[in-house]
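Asker: Got a sequence here, can you model it:
(one chain, ligands or ions: 1)
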Amino acid sequence: MTSLLVIIVLVLLAVALWQLTKIFDLTQVGSNRDTSEVATDDDNNVQGYIMFTFLAFLYIFTIYGLFKWGPLVLHTPASEHGEDVDFLMNITWVLIFIVQAITQALLHYFAFKYRGKKDQKALYFADNNKLEALWSVIPAVVLAGLILYGLYAWTNIMFVDEDEDTIVIELYAQQFNWKARYSGEDNVLGKANVRLIEGVNSLGVDMADPYSQDDIVVTELHIPIGKKVHFKMRSQDVLHSAYFPHFRAQMNVVPGMVTEFAFTPVFTTAEYRELPYMIEKVAHINDLRAKKSVELVAKGETALDPYAFDYLLLCNKICGASHYNMQMKVIVDTPEDYKKWINEQALLVTQVKEANATPVPAIDGATKMDSTKGADTAVVVKMAMK
Ligand SMILES: [Cu+2]
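Answerer: Okay, the predicted model is just below:
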């Protein structure tokens with residue numbers, strides 16, 4: 001409603017201004033004002049200086065933006081290859097920045113220098129091979145250099161030696177959550193198929209496959225520092241994208257195929273929380289939250305919990321209504337903590353067996369079906385019938 005009112009006010013204001021200019025034109029009737037549409041030297045000078053003002057605006061806005069929003073970029077990378085990605089990104093930015101600063105200055109300077117002047121005629125200039133070669137070859141060489149370096153970095157990052165000692169983990173995407181499946185002692189993931197999804201086996205793991213017997217399914221990803229983790233990704237429904245911003249890793253997760261990415265974390269969660277930039281950032285966020293909490297409490301609502309940093313796996317493909325909230329907490333542990341954690345996790349095969357073993361209660365009408373327990377029972381019944 002408010003926006004409609006604002007629109008009406010703006011339209012009325014525009015109409016009023018237009019009427020005012022008409023009245024102004026009428027007051028000028030009879031005076032010997034220059035009404036010619038051909039630009040005079042004065043007009044051209046004004047246009048020339050406006051060009052310079054625009055150039056100043058471009059530079060001032062760029063510098064302002066760098067200071068104002070520059071600190072918001074992702075800081076220290078938390079993976080081994082992250083440095084390479086950042087270096088490539090920074091080189092690209094610096095190049096764009098230098099080229100933009102020079103070409104914009106030249107463009108606006110020449111537009112000013114050769115602004116219209118009375119009796120000045122444009123010089124007919126067909127072409128200059130040397131100049132054209134120069135401005136084609138320089139960008140071509142620079143771009144080829146960037147692309148070659150990019151390809152080199154990409155192959156380096158994407159290459160996973162099959163014999164390398166890695167931890168194989170499956171990332172399973174579905175609208176709108178992530179699950180992780182650890183390949184267990186054998187480091188091989190058991191086969192899986194969407195047709196096998198049933199009850200606790202929400203990833204459709206083939207429980208008859210010997211490789212599935214030690215698989216573990218979790219909703220919070222733990223990985224050890226300093227060890228290469230080889231992710232194999234599957235999607236249950238639509239296109240998703242596994243995005244680990246702090247590890248500088250991203251890969252599409254495509255239904256019907258397995259995509260891969262591997263990286264080595266170099267900071268544990270605890271270490272990353274202690275980085276000076278992170279301490280400052282978290283303090284700032286908590287300042288804002290504390291202020292907001294005062295407002296909330298005044299309104300009789302609950303205060304916000306203080307924020308603590310955690311690595312996240314996000315979805316970076318708009319995959320539906322709750323896409324924005326499709327995330328999984330990632331914890332980088334020390335090798336000892338990781339070992340301890342993984343040993344505490346229940347095997348999928350045990351979970352499936354337990355679900356199957358739950359005694360089926362006597363079916364006494366619909367009352368059983370309105371609780372979660374009831375839903376489980378339905379699954380068990382279905383599995384038992386298989
Ligand atoms: Cu998604």
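Asker: going forward, measure contacts between C-alpha atoms and count neighbours the same way
Answerer: Fine.
Asker: Going by proximity to the ion, name the top residue of the stretch 1-150 of the chain.
Answerer: Leu74 (21.4 Å; Cα to the ion).
Asker: Am I right that that residue falls within a strand?
Answerer: No - checked against DSSP: H, G, I helix; E, B strand; the rest coil, Leu74 lies outside a strand; its state is coil.
Asker: Now for it: which residues touch it?
Answerer: Neighbour list for Leu74: Pro245, His246 [criterion: Cα atoms under 8 Å, 6 or more residues apart in numbering].
Asker: can you give me the strands for this structure?
Answerer: 167-174, 177-182, 216-218, 221-224, 229-235, 240-244, 249-253, 259-263, 311-315, 327-333 (DSSP state E).
Asker: I'd like the ones you listed written out as JSON lines, with mean pLDDT, mean neighbour count and distance to Asp206 added.
Answerer: Putting those into JSON lines (pLDDT from 0 to 100; neighbours: other Cα atoms under 10 Å; distance: least, Cα to Cα, whole Å) gives the following:
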{"stretch": "strand 167-174", "mean pLDDT": "92", "mean neighbour count": "22", "distance to Asp206": "14"}
{"stretch": "strand 177-182", "mean pLDDT": "92", "mean neighbour count": "21", "distance to Asp206": "13"}
{"stretch": "strand 216-218", "mean pLDDT": "89", "mean neighbour count": "21", "distance to Asp206": "13"}
{"stretch": "strand 221-224", "mean pLDDT": "94", "mean neighbour count": "22", "distance to Asp206": "22"}
{"stretch": "strand 229-235", "mean pLDDT": "93", "mean neighbour count": "22", "distance to Asp206": "15"}
{"stretch": "strand 240-244", "mean pLDDT": "94", "mean neighbour count": "23", "distance to Asp206": "23"}
{"stretch": "strand 249-253", "mean pLDDT": "93", "mean neighbour count": "20", "distance to Asp206": "20"}
{"stretch": "strand 259-263", "mean pLDDT": "92", "mean neighbour count": "19", "distance to Asp206": "19"}
{"stretch": "strand 311-315", "mean pLDDT": "94", "mean neighbour count": "22", "distance to Asp206": "26"}
{"stretch": "strand 327-333", "mean pLDDT": "94", "mean neighbour count": "20", "distance to Asp206": "24"}
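Asker: Next one, pLDDT for Ala101 please.
Answerer: Predicted confidence (pLDDT) at Ala101: the value is 90.
Asker: now do Val360
Answerer: Predicted confidence (pLDDT) for Val360: 59.
Asker: What of the one 5 residues further on?
Answerer: At Gly365, the pLDDT value in this model is 46.
Asker: So which bits of the protein are right by the ion?
Answerer: Contact residues (Cα under 5 Å from the ion) of the chain with the ion: His240, Cys315, Cys319.
Asker: looking at it, the last one is touching Val238, isn't it?
Answerer: Yes - counting by Cα atoms under 8 Å, Cys319 sits close enough to Val238 to count as a contact (6.7 Å).
Asker: the helices in the stretch 51-200 of the chain, which residues?
Answerer: Along the stretch 51-200 of the chain, the segments classed as helices by DSSP state H, counting those that start in this stretch run 82-113, 129-158.
Asker: quick one, which of the ones you listed is packed in tightest?
Answerer: helix 82-113 (a mean of 14; mean count of other Cα atoms under 10 Å).
Asker: So which elements touch that one?
Answerer: Judged by 3 or more Cα pairs under 8 Å, 6 or more residues apart in numbering; DSSP states H and E, helix 82-113 is in contact with helix 41-69, helix 129-158.
Asker: Give the buried residues for the first one.
Answerer: Looking back up the chat, that one is helix 41-69. Within helix 41-69, the residues that count as buried by 16 or more other Cα atoms under 10 Å are Asn44, Asn45, Gln47, Gly48, Tyr49, Met51, Phe52, Leu55.
Asker: Could you single out the nearest of those residues to Gly145?
Answerer: Comparing the buried residues of helix 41-69 against Gly145 with Cα to Cα picks out Leu55 as the nearest, at 29.6 Å.
Asker: For that closest one, give me the pLDDT.
Answerer: 91.
Asker: so it touches Leu106, yeah?
Answerer: No - if you go by Cα under 8 Å, Leu55 and Leu106 don't touch, sitting 10.1 Å apart.
Asker: about what we covered before: can you add distance to Val194 and give the helices and strands packed on helix 82-113 back as CSV?
Answerer: What follows is the helices and strands packed on helix 82-113, written out as CSV (distance: least, Cα to Cα, whole Å):
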stretch, distance to Val194
helix 41-69, 44
helix 129-158, 27
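Asker: still on that earlier bit, now the residues of the chain next to the ion as TSV including distance to Val38?
Answerer: Below are the residues of the chain next to the ion laid out as TSV (distance: Cα to Cα, whole Å):
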residue	distance to Val38
His240	58
Cys315	57
Cys319	56
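Asker: Give me the below-cutoff pLDDT ranges for this structure.
Answerer: 30-35, 359-386 (pLDDT under 70).
Asker: Give me the phi and psi for the residue sitting nearest the centre point of it.
Answerer: For the chain, the residue sitting closest to the mean C-alpha position, by Cα atoms, centre = their mean, is Asn316 at 5.4 Å. Backbone torsions for Asn316, taken as degrees, to the nearest 10, come to phi -120, psi 30.
Asker: Contacts only, for it.
Answerer: Remark: with contacts taken as Cα under 8 Å, 6+ apart, Asn316 is in contact with His240, Ser241, Ala242, Tyr243.
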